[in-house]
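> Fold the following, please.
(2 chains, ligands or ions: 2)
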Amino acid sequence: MAELQLKSLEKKYGNGFKAVHGIDLKVKEGEFMVLVGPSGCAKSTTLRMIAGLETITGGEVRIGENVVNDLVPGKRGIAMVFQNYALYPHMKVRRNLSFGLKLKRQPKEQIESATSDVSGILEIDELLERLPKQLSGGQAQRVALGRALIKQPEVFLFDEPLSNLDAKLRASMRVRITDLHKRLRDEGRPATVVYVTHDQVEAMTMGDRICVMKDGHIMQVADPRTLYDRPANAFVGGFIGMPEMNLVPAVLTRDAGLRLTAGGQTVEVPEGLAHRLNVEDGAVTLGIRPQHMSLVDAGSPGAFDAEVVNVEFMGHEINVHARLGEAVLVAVVQTTDLTRRIARGDLIGLRPYAARIHLFDADTGENVSLAKDH
Amino acid sequence: MVTLSDLPDQSRAERTPPTPLELKLRRRNRINAFVRYSLLILVGFIMIYPLLWLVGAAFKTNSEIFSSAWFWPARPTLDGFREGWETSTPYNFGHFFLNSMYIVIPKVIGTAISCTLVAYGFARFEFPGKKILFSILIATLLLPDVVTRIPQYLLFRELGWLDTYLPLFVPSWVAGDAFFVFMVIQFLRAIPREMEEAARVDGANTAQTLIFIVVPILMPAIISVCLFQFMWTMNDFLGPLIYISSVEKYPVSIALKLSIDATEAFNWNAILSMTVLALIPSLVVFFLAQKSFIEGISTGGVKG
Ligand SMILES: Nc1ncnc2c1ncn2[C@@H]1O[C@H](COP(=O)(O)OP(=O)(O)O)[C@@H](O)[C@H]1O
Ligand SMILES: [Mg+2]
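Ligands and ions are numbered 1, 2, ... in the order given. Coordinates of the predicted model:
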């Protein structure tokens, strides 16, 4: 197992389109790194450059000590799991698993014991004599996983491996993959993993660290907790979290104390936020997660008054959509905290938790409310 | 497959008896089906009748052939086969069959290999001049055969290949049949690349990827190519007529014609018998191939 390093990696496609703009990323030995971002942000392109399936047009990829830019995929010490499984349709599961080892001319007994090891781990012993077309989606994906595992590669690459599965199966495969990663770590052969997904739930639950990408740039690399609590910019703030973080244009003024104006309403900046700010004043974007506001009476101090436009009842909680100026804020309120019925047209107060407010630079989107010493 | 009859049959007693309207509709359905199938059988029979007649006539005597249009021989005889097999030449018909095989086998094998290679190149790799080369390939597809006959003849004469089988199959070894290349390319385009990429990640080089992954997946297409090439070559008349001049080297298609030329009063039953024999290889190959054709059709590499 080895560490993986991308150094100002670039990709310009044949048609002149620049998909990846010089990204730097270091994946530590044994680390589970998730690349996440909206569709088209070049996650696959990046992964395929690591795999050697796409030429590298700038920068370098390092696996362990070696720059692998010019190595063919088979010599890079990687294994890859594809979204649509990419099993060899004419080979039985057993041969699908052993194909790579056979090409390497490993001795028969060794191949056989490796096959039975892997099929034991992934519970596919029963399927060894079947053809891929006789497998369900989940089984096929386990075989694809086995085909990667059997090679004992330096780095595992996954490209949206669970996207073709239904929600329930996806949840169980998620656990299976993370368990497998832990198990390999415990057995003293930690696996370095780069896992591509567009699904933030997969990213948050599986990753040791997460790399959020947008349009061929890295927006932030951090562990799930940091990503959620301290998003580096408005994009990350909005991308991670369900429902999405509310992002509202606002103005910070500092005459008689620090004030924040949003949607035509001005509130005093609470102490919990004031001491974290890296800016004096000016246009900002106010970022506040739906879960981080409390519902109060209209006109309460430190709260924005807003008109309810929609209420979604979810059972244990409700999503309140309320209009603040041009924007519509979403607030998640625990059903147990509700003291009265809320209906469309009501005027309510929404008070953000001071410690949970983020302010982003209106132009660059950079988070300006992260205390430097934190 | 679940058919309707496999579904649990609700006990008949439970069902309400059919209404008069239902009965009427059912009767109408049955009449419709009867008319439909009768018509189809009739048309089918008319289409296949010449073939039936051919087979029947092969077992007739020469005189009966012209006295009755009915296909069933009144007094079946093998005379036609006996005479036809001997032919009017020093060689028997088996000799001509062998000659055909000397052309067909190298041609079919060469076509399968060269077309797969060329199609793989066009479908999967980027190389300078690819667009132009592909356009040329398609252009030759549109070119009428006759246009190239004379230049080709002159070329092969210069090479000293006249009266040999070389002009008949060598062009196919270098993917001369643009149609087949095109067919395989279209098939390849429909196959997702991930399987080949997986093979490369597994450590296969280009040749290994082609042999172990692409060719097996392409099998249905390759079999159709072989099938068509086999039948077209067996039936090719003009090619051998132009290039083969000694009787000793005639393939079946020319040999059949030979028996019409050589004798004054044609032994039609002999000719028809040999025609029937000449059909057999194509039919056998067709039915053999059809099986793998259906079995092979791209198996689920992709599934939701
Ligand atoms: N072969 C290609 N030629 C040109 N552009 C491409 C090619 N493949 C992908 N792209 C473009 O590169 C961008 C990133 O694609 P991709 O890496 O597949 O995104 P993701 O996997 O994050 O959804 C997209 O805008 C896509 O249109
Ligand atoms: Mg992708």
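
> Would you mind measuring from B:Ser38 to ligand 1?
According to CB to the nearest ligand atom, to the nearest Å, B:Ser38 and ligand 1 sit 57 Å apart. (C-beta placed from N, C-alpha, C; glycine too.)

> Doesn't that residue lie inside a strand?
No - assessed with DSSP: H, G, I helix; E, B strand; the rest coil, B:Ser38 is helix; it does not lie in a strand.

> What number of neighbouring residues does it come out with?
Residues lying near B:Ser38 (other CB atoms under 10 Å in any protein chain shown) number 10.

> One more: A:Ile121?
Counted by other CB under 10 Å, the residues lying close to A:Ile121 total 19.

> Next up, the contacts around it.
Residues near A:Ile121 by CB atoms under 8 Å, 6 or more residues apart in numbering or on different chains: A:146, A:149, A:180, A:183.

> Please pull up the helix or strand immediately following the helix or strand of chain A with the lowest mean pLDDT.
Within chain A, confidence by mean pLDDT, DSSP states H and E is lowest for helix A:271-274 among all helices and strands, at a mean of 84. Downstream of helix A:271-274, the first helix or strand assigned by DSSP states H and E is strand A:282-288.

> how about A:Lys18, what does it touch?
Neighbours of A:Lys18 in contact, by CB under 8 Å, 6+ apart: A:10-12, A:216.

> From those, pick the one nearest chain B.
A:Lys12 (14.4 Å; CB to the nearest CB).

> The host helix or strand of A:Ser8 and ligand 1, any residue contact?
Using DSSP H and E, A:Ser8 sits within strand A:4-12. No - using CB under 6 Å from any ligand atom, strand A:4-12 never reaches ligand 1; the gap is at least 7.8 Å.

> hang on, the earlier thing: can I get the contacts of A:Lys18 in JSON lines with distance to B:Ala255?
As requested, these are exported to JSON lines (distance: CB to CB, whole Å):
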{"residue": "A:Glu10", "distance to B:Ala255": "67"}
{"residue": "A:Lys11", "distance to B:Ala255": "63"}
{"residue": "A:Lys12", "distance to B:Ala255": "63"}
{"residue": "A:Gly216", "distance to B:Ala255": "68"}
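
> And the residues you listed, which is closest to B:Trp72?
A:Lys11 (73.8 Å; CB to CB).

> First-to-last residue distance for stretch B:183-203?
Terminal residues of stretch B:183-203 lie 29 Å apart, using CA to CA, to the nearest Å.

> quick one: average pLDDT of it?
Across stretch B:183-203, pLDDT averages out at 93.

> Same check on stretch A:125-145?
Stretch A:125-145 carries an average pLDDT of 94.

> Which residues belonging to it are considered buried?
A:127-128, A:130-132, A:135, A:137-145 (16 or more other CB atoms under 10 Å in any protein chain shown).

> Only alpha carbons, please: show stretch A:297-314 as PDB.
Extracted in PDB, the C-alpha atoms of stretch A:297-314 (Å, rounded to 0.1, in the frame of the first residue of the first chain):
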ATOM      1  CA  ASP A 297     -42.100  34.900  17.500                       C
ATOM      2  CA  ALA A 298     -41.900  37.600  14.800                       C
ATOM      3  CA  GLY A 299     -40.100  40.700  16.100                       C
ATOM      4  CA  SER A 300     -37.800  38.900  18.500                       C
ATOM      5  CA  PRO A 301     -34.300  40.400  18.800                       C
ATOM      6  CA  GLY A 302     -31.600  38.800  16.700                       C
ATOM      7  CA  ALA A 303     -34.100  37.100  14.500                       C
ATOM      8  CA  PHE A 304     -35.200  37.700  10.900                       C
ATOM      9  CA  ASP A 305     -38.900  38.000  10.300                       C
ATOM     10  CA  ALA A 306     -40.100  35.900   7.500                       C
ATOM     11  CA  GLU A 307     -43.400  34.900   5.900                       C
ATOM     12  CA  VAL A 308     -44.200  31.200   5.700                       C
ATOM     13  CA  VAL A 309     -44.700  30.100   2.100                       C
ATOM     14  CA  ASN A 310     -44.700  26.300   2.600                       C
ATOM     15  CA  VAL A 311     -44.600  23.700   5.300                       C
ATOM     16  CA  GLU A 312     -43.400  20.200   4.700                       C
ATOM     17  CA  PHE A 313     -44.300  17.700   7.300                       C
ATOM     18  CA  MET A 314     -41.700  15.000   7.600                       C
END
